[in-house]
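>>> Just to be clear, the model below is a prediction. Sequence and coordinates:
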There are 2 protein chains.
Amino acid sequence: MVNSKLTVGIHMLTLLAFADPMPLPSETIAGSVNTNPVVVRRLLALLRKAGFVDSNSGPGGGWRLVRRPEEIRMSDLRAALEENREVFPLHNAKPNAACPVGGKIQGVLVDLYDDAIRAVDRQLAKTTVADVLTSILTRPVP
Amino acid sequence: MVNSKLTVGIHMLTLLAFADPMPLPSETIAGSVNTNPVVVRRLLALLRKAGFVDSNSGPGGGWRLVRRPEEIRMSDLRAALEENREVFPLHNAKPNAACPVGGKIQGVLVDLYDDAIRAVDRQLAKTTVADVLTSILTRPVP
DNA sequence: CGTAATCATAACTATAACAGTTACGTATCG
DNA sequence: CGATACGTAACTGTTATAGTTATGATTACG
C-alpha cells in the first residue's frame, strides 16, 4: 500500500470527464475508486489547487472538471500529486564530504535524476485524460 | 526518508569502481555513504544477486566489482534494487467493477505505466557507473 | 592453532509517507 | 429548517525503508 496517488488521481479525473458536465459528490467518486470520501476530497483538493477541478457544497454540488480533458496531461497530474515528494530521493544523511566520491556524488545524481524525470514526463505528456477515457470506452470487456 | 536505494546503490558501485581492484569492506563503504554497514551489506547482497559485485570474508576481504563499470547501466541498478516494488502502484483496493470507469481503468493504467517505466529505463540506460565516476573525477570542487 | 577482520543474517526498533476513519464545522439548495 | 455536500483537523493503521544490535561463520596470517 504505497503511493497510489497518481492512479487514484487519473481514475477520478477520468470519472469526472465521463460524467461531465454533471458534478459528482466525493461519496460517488469514492464508490468507484473503492476508498473513503475524505481521501477523495484530499486528493481532489490538490488537483483543484493545480486548476483542474472545482467543487461546490450543497445539494446538486460535488466535483467537476474546469479544464477540457484533452488539455490535462498525465505529466501535469504527476507533478500536481507528487508535490514535495522526490521521485528519486537522494541520501538520507549527507554523504561523507571528505571522500572523493561522497563529496561530489550528489551533484552528479541531481543531473542524472533530472534527466530521468524529464524522460518520464515527456512520455506521460503524450496521454491526456481524454485519451484515457477513450481507451476505457473502446476497450473490450475482459 | 524514503527509498534512497538507487542513490545508495549508485554511490556504492561508483566507490567500488574508484577503488578497483582493491576490495572495500562494508564499514568503509558505510563511512562514505554515511550509514550503517548492515544497510550496505543488505543492498550489496541485492547487487551481488544481480551479478555486479562479489564479497569475501576475512582480512583483506570486502566488496569488489565483478563487471566492468562501463557495462553497468543505471537502468540495471534500478531494476536490481526496486525488486518487487512498483514504480507506479495501482489501487490499494480493487476499484468498483460495476462502474464503467472503475471496471476498466486498471487495464489502461498498466499500459500507461509500462510505457512510462520504459521511458525512464531508456534514459537511465544512457549512463553507466563508469560515466558517473568520470563525472565525479572531472567535476570542479563546488 | 588463535586471533582479528570481515561477511551473513536474523531480529528488533524507528521513521515517514500514505491511507483510512471519525468528527465537526460550514455552505448551499430548496 | 433540513438535507446534501464540502473542508479539514485529528487520530489510527499499514507498509517500506532505514537503522541498530547481536550472533555465527569465514578467512588470512602470524
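Right, received. Where do you want to start?
>>> shaky segments in chain A?
A:1, A:83-84, A:142 (pLDDT under 70).
>>> DNA strand C contacts on chain A?
Counting by C-beta under 7 Å from any atom of the strand, chain A comes close to DNA strand C at A:1-5, A:8, A:35-36, A:38-39, A:43, A:56-61, A:82, A:85. (Each C-beta comes from the backbone N, C-alpha and C, glycine too.)
>>> biggest helix in chain A by residues?
Longest helix in chain A, counting residues (DSSP state H): helix A:105-124.
>>> Of all residues in chain A, which one is closest to DNA strand C?
Closest contact between chain A and DNA strand C, by C-beta to the nearest atom of the strand, is at residue A:58 (2.9 Å).
>>> how close does the residue of chain A positioned farthest from its centre get to residue A:128?
The outermost residue of chain A, judged against the average C-alpha position, is residue A:98 (39.6 Å), by C-alpha atoms, centre = their mean. Applying C-beta to C-beta, to the nearest Å, the value for residue A:98 to residue A:128 is 49 Å.
>>> Quick one: name the residues of chain A near DNA strand D.
Applying C-beta under 7 Å from any atom of the strand, one finds that chain A approaches DNA strand D through A:1-2, A:24-27, A:37-38, A:41-42, A:44-45, A:48, A:55-63, A:92-93.
>>> From the residues you listed, which land in helices?
If you go by DSSP H, the residues of chain A next to DNA strand D have A:26-27, A:37-38, A:41-42, A:44-45, A:48 in helices.
>>> Between which two of those is the distance greatest?
Distance extremes for those: the farthest pair is A:27 and A:48 at 17.4 Å, using C-beta to C-beta.
>>> between the two, who's got more neighbours?
Comparing residue A:27 with residue A:48 by other C-beta atoms under 10 Å in any protein chain shown, the one with more neighbours is residue A:48, at 16 against 12.
>>> ok, and the closest non-adjacent residue to the more buried one?
Of all residues not flanking residue A:48 in the chain, residue A:54 sits nearest, at 6.1 Å (C-beta to C-beta, 6 or more residues apart in numbering or on different chains).
>>> Same check on residue A:12?
Nearest one to residue A:12, counting by C-beta to C-beta, 6+ apart, is residue A:29 at 5.6 Å.
>>> Just the element for that neighbour, please.
Element membership for residue A:29, per DSSP states H and E: helix A:26-33.
>>> Let's see the ChimeraX selection covering just the buried ones among the residues of chain A next to DNA strand C.
The ChimeraX command for the buried members of those (criterion: 16 or more other C-beta atoms under 10 Å in any protein chain shown) is given here:
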select /A:3,4,5,8,35,39,43
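>>> Can you tell me the SS state at the residue farthest from the centre of chain A?
Applying DSSP: H, G, I helix; E, B strand; the rest coil to residue A:98 yields a three-state assignment of coil.
>>> Residue A:102: what's it in contact with?
If you count contacts by C-beta atoms under 8 Å, 6 or more residues apart in numbering or on different chains, residue A:102 has them with A:95-96, B:11, B:15, B:32-34.
>>> can we see that at 7 Å?
A:95-96, B:32 (C-beta atoms under 7 Å, 6 or more residues apart in numbering or on different chains).
>>> again, but for residue A:62
Residue A:62 neighbours (C-beta under 7 Å, 6+ apart): A:23-25, A:55-56.
>>> Can you name the residues bridging to it?
Assessed by DSSP bridges, residue A:62 has beta-bridge partners residue A:56.
>>> which of the contacts of residue A:62 sit farthest apart?
The span of those, defined through C-beta to C-beta, is set by A:24 and A:56 at 11.1 Å.
>>> Do I have it right that residue A:15 meets residue A:31?
No - using C-beta atoms under 7 Å, residue A:15 makes no contact with residue A:31, being 10.0 Å away.
>>> And those two? Which one has more around it.
Set residue A:15 next to residue A:31 and count neighbours by other C-beta under 10 Å: residue A:15 wins out with 27 against 19.
>>> Where does the more buried one fall, secondary structure wise?
Secondary structure assignment for residue A:15, by DSSP H and E: helix A:5-19.
>>> what angle separates that helix from helix B:105-124?
Counting by axes from the mean of the first three to the mean of the last three C-alpha atoms, to 10 degrees, helix A:5-19 lies at 130 degrees to helix B:105-124.
>>> circling back to that earlier point, residues contacting the residue of chain A closest to DNA strand C?
The contact partners of residue A:58, by C-beta under 7 Å, 6+ apart, come to none.
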